[in-house]
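Asks: pasting the sequence and the predicted coordinates here, then a few questions.
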Amino acid sequence: MALKGILRSGLIQLRVLDLEESVDFYHDRIGLTKVGKLGNDRFMLKGYDEFDHHSVVLREADSPGIDFMCFKALDEETVKDVIAKNEKFGYERYEVTDQPGFGTIQMFKIANGHTIGVYSEVELAEQKPMTCNPKIWDKEPHGMEANLFDHALLAGPNQGECVNWFVEVMGMAITEVLYTEDKNGYICTWLSSNTRGHDVALLNFPDAGKLHHFSFQLSGWNDIGRAADIMARYNIKIDAGPMRHGVTRGQTIYFFDPSGNRVETYAGGYEYFPDAPLREWSADRAGEGIFYYTKELNERFLTVLT
Amino acid sequence: MKKYIVKILNENISVNVNEGDHILKGIARYNSSHKANGCRNGGCGVCKIRIVSGEFEVKKWSKEQVSDEEFEKGYALACRVFPKSDMVIEYIGKNNKK
């Protein structure tokens, strides 16, 4: 077994202002596959290159943002281990059983106001990558051709404690950090459970439970360009890019969904291995860490969250 | 194309807003780095305004940013307000909850 414990970020539930408009946006423009309705107020989607039942749930609500983000564990032993290790932190835990195709999801309310889930059982999707003499796809992808749900940047207070929870309870690794000016704390921390540069990043922010962005993986730089062409054609509001991050080296565009949630199309980046040294950024070089080419942070990047 | 003039009282500027456009589009055309230029889709609240006068239509926005009670008092998000006449507004922004 190449990878054990927590395998990857695998499921996110987002709040949107208009469900029908949002389903069209994530299907037609980003290129997700429709999986189906979930009750009257939710809709399930997935990337064309994902095996699991679904990875994105949109929920119609009065305010946009994130309900929860969940991680796939290799096995039930890992889930039990997470539950046991959470005792030290004492974070409230509850079970969710209403995601079709998924077994029980253990949810933890962590100290930055976010809800993080862990599950080990999920059915294969109806539309999934081929496995027998596989073509690169069964049916050609559309829109921005998003492969899969990649990562999220979660904002909230108590970042240090939450980073410790991801490391000690979830067994994840810190890949990069951005220090505060006095170097006694962290503005942002990037964490990985596999060979990605990050599965989740935590941003220190006074308001709890805020979503800075969540991200879909595209295949490469050419696909980022094509995504930008689609954004231009359909007047999708671009926040920044096409560009590269210094952190993770990912190539990227930030843009906004119809409810104002910041979405990212992300490609490339280095491969992380557990023996890699920590990559560190000082506060005065934060602009280069995020906007590698222009090197300047803009106010919108730091203040616009849902 | 029909245009409306939207006066921003506390910034002492007036911007042109085309028929069918939201107020923020006019503000961003005047100054693309204006602090109000956020998600443009009713989610983040950085374009919060108080409407002093004028006729307009609105689209759905985040009630965390502008509650129904606040809307009754004239508060709104510039990215979701579509002028139907010349208007007068104040720019409030996200962190100035009056």
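Replies: Ah, there it is.
Asks: low-scoring pLDDT stretches of the stretch 201-306 of chain A, where are they?
Replies: Counting by pLDDT under 70, the stretch 201-306 of chain A contains no low-confidence residues.
Asks: write out the residues of it neighbouring chain B.
Replies: A:237, A:239, A:256-262, A:298-300, A:303-306 (C-beta under 8 Å from any C-beta of the partner chain). For glycine as for every other residue, the C-beta is placed from the backbone atoms N, C-alpha and C.
Asks: pick out the most distant pair among the residues you listed.
Replies: The distance between the two most remote of these (C-beta to C-beta) is 22.9 Å, for A:258 and A:299.
Asks: which one of these two has more residues nearby?
Replies: The residue with more neighbours, out of residue A:258 and residue A:299 and counting by other C-beta atoms under 10 Å in any protein chain shown, is residue A:258; that gives 23 against 13.
Asks: helix, strand or coil for the more buried one?
Replies: Following DSSP: H, G, I helix; E, B strand; the rest coil, residue A:258 is assigned to coil.
Asks: in contact with residue A:169, which residues?
Replies: A:82, A:85, A:86, A:88, A:89, A:108 (C-beta atoms under 8 Å, 6 or more residues apart in numbering or on different chains).
Asks: ok, the closest residue to residue A:137 other than its chain neighbours to residue B:78 distance?
Replies: Counting by C-beta to C-beta, 6 or more residues apart in numbering or on different chains, residue A:137 lies nearest to residue A:48, which is 6.3 Å off, once chain neighbours are set aside. Distance, residue A:48 to residue B:78, using C-beta to C-beta, to the nearest Å: 37 Å.
Asks: settle it for me: which of these two has more neighbours?
Replies: Neighbours per residue (other C-beta under 10 Å) separate residue A:48 from residue B:78, with residue B:78 holding more: 28 against 22.
Asks: contacts only, for the more buried one.
Replies: With contact taken as C-beta under 8 Å, 6+ apart, residue B:78 is in contact with B:22, B:23, B:24, B:27, B:36, B:47, B:48, B:49, B:89, B:91.
Asks: chain B: strands as residue ranges?
Replies: In chain B, the segments counted as strands under DSSP state E are B:3-8, B:13-18, B:48-53, B:56-58, B:75-77, B:81-83, B:87-91.
Asks: mind giving me a markdown table with those and columns for distance to residue A:208 and mean pLDDT?
Replies: Compiled in a markdown table, the strands of chain B are given as follows (distance: least, C-beta to C-beta, whole Å; pLDDT from 0 to 100):
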| stretch | distance to residue A:208 | mean pLDDT |
| --- | --- | --- |
| strand B:3-8 | 32 | 97 |
| strand B:13-18 | 35 | 96 |
| strand B:48-53 | 20 | 98 |
| strand B:56-58 | 28 | 98 |
| strand B:75-77 | 22 | 98 |
| strand B:81-83 | 29 | 98 |
| strand B:87-91 | 27 | 98 |
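Asks: and those: which comes nearest chain A?
Replies: strand B:75-77 (9.3 Å; C-beta to the nearest C-beta).
Asks: and the residues of the stretch 201-306 of chain A next to chain B, which are buried?
Replies: Burial of those was assessed by neighbour count (16 or more other C-beta atoms under 10 Å in any protein chain shown); the buried members are A:237, A:239, A:256-262, A:298, A:300, A:303-306.
Asks: if we can go back for a sec, what's the most buried one of the strands of chain B?
Replies: Among the strands of chain B, ranked by average contacts under mean count of other C-beta atoms under 10 Å in any protein chain shown, first place goes to strand B:75-77 (a mean of 25).
Asks: returning to that earlier point: generate a ChimeraX selection restricted to the buried subset of the contacts of residue A:169.
Replies: Typed into ChimeraX, the line below selects the buried ones among the contacts of residue A:169, using 16+ other C-beta under 10 Å:
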select /A:82,86,108
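Asks: okay, and which of the contacts of residue A:169 map to helices?
Replies: A:82, A:85, A:86 (DSSP state H).
Asks: between the residues you listed, which is closest to chain B?
Replies: The shortest distance between chain B and any of the ones in helices among the contacts of residue A:169, using C-beta to the nearest C-beta, involves residue A:86 and amounts to 28.6 Å.
Asks: I figured that closest one hits residue A:107, correct?
Replies: No. In this structure, residue A:86 is not within contact of residue A:107 by C-beta atoms under 8 Å, at 10.8 Å.
Asks: which neighbours do the two have in common?
Replies: Where contact means C-beta under 8 Å, 6+ apart, the residues bridging residue A:86 and residue A:107 through contact with each are residue A:93.
Asks: between the buried ones among the residues of the stretch 201-306 of chain A next to chain B, which is nearest chain B?
Replies: Proximity to chain B was ranked across those by C-beta to the nearest C-beta; first place goes to residue A:260, at 1.9 Å.
Asks: nearest residue to the closest one in space, please, no chain neighbours.
Replies: For residue A:260, ignoring the flanking residues on the chain, the nearest one in space by C-beta to C-beta, 6+ apart is residue B:43 at 1.9 Å.
Asks: where's the closest residue to residue A:125 other than its chain neighbours relative to chain B, distance?
Replies: Setting aside the residues directly before and after it, residue A:125 is nearest to residue A:53 in space (C-beta to C-beta, 6+ apart), at 5.1 Å. Distance of residue A:53 to chain B, given as C-beta to the nearest C-beta, to the nearest Å: 28 Å.
Asks: let me see the contact set for residue A:53.
Replies: When the contact criterion is C-beta under 8 Å, 6+ apart, the partners of residue A:53 are A:35, A:44, A:46, A:100, A:101, A:102, A:122, A:123, A:124, A:125.
Asks: please repeat the previous calculation with a cut-off of 7 Å.
Replies: A:35, A:100, A:101, A:102, A:122, A:123, A:125 (C-beta atoms under 7 Å, 6 or more residues apart in numbering or on different chains).
Asks: just the buried residues of the host helix or strand of the first one, please?
Replies: It stands for residue A:35. Element membership of residue A:35, judged by DSSP states H and E, is strand A:33-38. Of the residues in strand A:33-38, those buried under the neighbour-count criterion (16+ other C-beta under 10 Å) are A:33, A:35, A:38.
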